[in-house]
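>>> Predicted structure and sequence below. I'll ask about it afterward.
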Amino acid sequence: MDANQSRRLVILGTGGTIAGRATQAGDNVGYVAGQVSVEDLVAAVPTLAHQALTVEQVAQVDSKDMGLPVWQALVRQLWVHLNDPEVQAVVVTHGTDTLEETAFVLQQVLRPSKPVVLTCAMRPASALAPDGPQNLSDAVAVALQASGGGVVVVCAGKVHSARDVAKVHTYQLDAFDSGDAGPLGCVEEGQLRAFKPWEMVRDAVTEGSVERFLSAPTLPRVELVTSHADADGSVVRALMGQGVQVRPLRGIVVAGTGNGTVHKAMLHALEEAQTTRGVRVVLASRCARGRVVPHAGLSFDHSQGLSPVKTRLALALELLLAD
Ligand code: ASP
């Protein structure tokens with residue numbers, strides 16, 4: 001095996017704004033996501049010209065529409081490539097809207113010991129000054145230089161962990177944040193500067209659990225509701241009232257106020273759902289920072305510091321593997 005082969009990278013494309021195209025170059029919002037092939041995105045980055053690459057289009061979607069079928073296609077390809085000793089790391093291009101959810105699913109399902117680097121763009125490929133090429137170049141730099149494994153997100157020169165990353169801005173190029181944890185590192189002129197150790201895999205996943213994920217027709221149904229002033233619990237009662245024509249409700253995640261507090265009217269409905277219908281209820285917080293700090297008065301399980309959308313995924317995956 002020559003040196004180039006041992007440093008082979010795989011780049012998987014899934015669509016998003018990074019692959020978006022607008023009819024006018026100055027238009028950064030009125031574009032269609034998922035138009036440009038991942039081969040063309042790679043070709044637009046001259047720094048990748050001499051890198052040994054395998055490039056595959058796994059999907060071509062606006063990530064607002066992300067879901068289990070694309071996650072399964074991604075996991076299937078990642079499982080193959082990560083188990084190939086000649087592959088050093090994998091980069092995935094993705095839309096920004098649900099990037100944090102895909103990153104979390106991939107980390108939970110695969111817990112890779114090699115780097116899996118997700119990247120994106122806030123401006124379409126057709127923009128006057130697209131950010132995608134720089135982000136892709138940075139993602140490849142991170143994939144090649146990371147000393148640990150795991151799923152990370154690279155955007156606007158920052159490296160975020162799958163667990164902590166969240167999209168926090170609708171428009172600016174530096175759209176992601178890692179909350180209290182802060183980023184794992186940054187990329188400066190193609191050099192990775194790590195601020196803290198990469199997550200190391202202690203308990204690698206089994207082929208059986210990956211198979212279980214890949215063969216699932218759907219994820220167990222877990223809905224996300226938000227507590228707010230003037231809440232009356234009717235959204236929870238509506239969920240409970242749905243008949244057998246929809247998938248059975250297995251869980252509810254509540255984006256609570258503050259430290260996971262819930263309006264008393266909604267609380268009654270949730271208690272009923274859990275005690276009389278066996279629906280798992282988990283408390284998260286709608287606050288952008290902090291976690292639900294556990295205390296004796298909590299009526300339900302709490303989110304272990306995960307955001308509401310990641311709590312929903314964590315519960316759905318837990319239920320899937322327990323079935
Ligand atoms: N809607 C786009 C997507 O998530 C937004 C983006 O990529 O920035 O695919």
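Structure received.
>>> drop to CA atoms for contacts and neighbour counts, all remaining ones
Noted.
>>> Can you give the distance of stretch 289-308 from its chain's centre?
For stretch 289-308, the distance from its own C-alpha centre to the chain's C-alpha centre is 20 Å (C-alpha atoms, centre = their mean, to the nearest Å).
>>> I would like the residues contacting it, please.
Applying C-alpha atoms under 8 Å, 6 or more residues apart in numbering, the external contacts of stretch 289-308 come out as 163-164, 179-180, 224, 253-255, 258-260, 271, 281-286, 311.
>>> Just list the residues touching the closest residue to Gly233 other than its chain neighbours, thanks.
Computed as C-alpha to C-alpha, 6 or more residues apart in numbering, the closest residue to Gly233 that is not its neighbour in sequence is Met266, at 3.7 Å. Going by C-alpha under 8 Å, 6+ apart, Met266 touches 227, 231-234, 236.
>>> Name the helix or strand for Met266, please.
Met266 is located in helix 264-277, with elements delineated by DSSP states H and E.
>>> how much does the helix or strand just after that helix deviate in direction from helix 264-277?
Per DSSP H and E, helix 264-277 leads on to strand 280-285 as the next helix or strand towards the C-terminus. What separates the directions of strand 280-285 and helix 264-277 is an angle of 150 degrees, with axes from the mean of the first three to the mean of the last three C-alpha atoms, to 10 degrees.
>>> send the alpha carbons of the helix holding Met266 over as PDB?
Extracted as PDB, the C-alpha positions of helix 264-277 are listed here (Å, rounded to 0.1, in the frame of the first residue of the first chain):
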ATOM      1  CA  LYS A 264     -49.200  22.900  34.800                       C
ATOM      2  CA  ALA A 265     -51.900  22.200  32.200                       C
ATOM      3  CA  MET A 266     -49.500  20.500  29.900                       C
ATOM      4  CA  LEU A 267     -47.900  18.700  32.900                       C
ATOM      5  CA  HIS A 268     -51.200  17.000  33.800                       C
ATOM      6  CA  ALA A 269     -51.600  15.800  30.200                       C
ATOM      7  CA  LEU A 270     -48.000  14.500  30.100                       C
ATOM      8  CA  GLU A 271     -48.400  12.700  33.400                       C
ATOM      9  CA  GLU A 272     -51.500  11.000  32.100                       C
ATOM     10  CA  ALA A 273     -49.800  10.000  28.900                       C
ATOM     11  CA  GLN A 274     -46.900   8.400  30.900                       C
ATOM     12  CA  THR A 275     -48.900   6.700  33.600                       C
ATOM     13  CA  THR A 276     -52.000   5.600  31.800                       C
ATOM     14  CA  ARG A 277     -50.700   5.000  28.300                       C
END
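>>> returning to that earlier point: just the buried ones from the contacts of stretch 289-308, in ChimeraX syntax?
Buried subset of the contacts of stretch 289-308, written as a ChimeraX selection, criterion 16 or more other C-alpha atoms under 10 Å:
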select :163,164,179,224,253,254,255,258,259,260,271,281,282,283,284,285,286,311
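>>> can you pull the pLDDT of Val205?
Per-residue confidence at Val205 stands at 84 (pLDDT).
>>> surely it meets Arg111?
Yes - with contact taken as C-alpha atoms under 8 Å, Val205 and Arg111 are classed as touching, separated by 6.4 Å.
>>> For those two, indicate the residue with more neighbours.
The residue with more neighbours, out of Val205 and Arg111 and counting by other C-alpha atoms under 10 Å, is Arg111; that gives 23 against 14.
>>> OK, contacts around the residue of the stretch 101-250 of the chain with the smallest separation from the ligand?
In the stretch 101-250 of the chain, the residue that lies nearest the ligand is Met122 (4.4 Å; C-alpha to the nearest ligand atom). By C-alpha under 8 Å, 6+ apart, Met122 lies in contact with 17-18, 96, 131-132, 171-173, 175.
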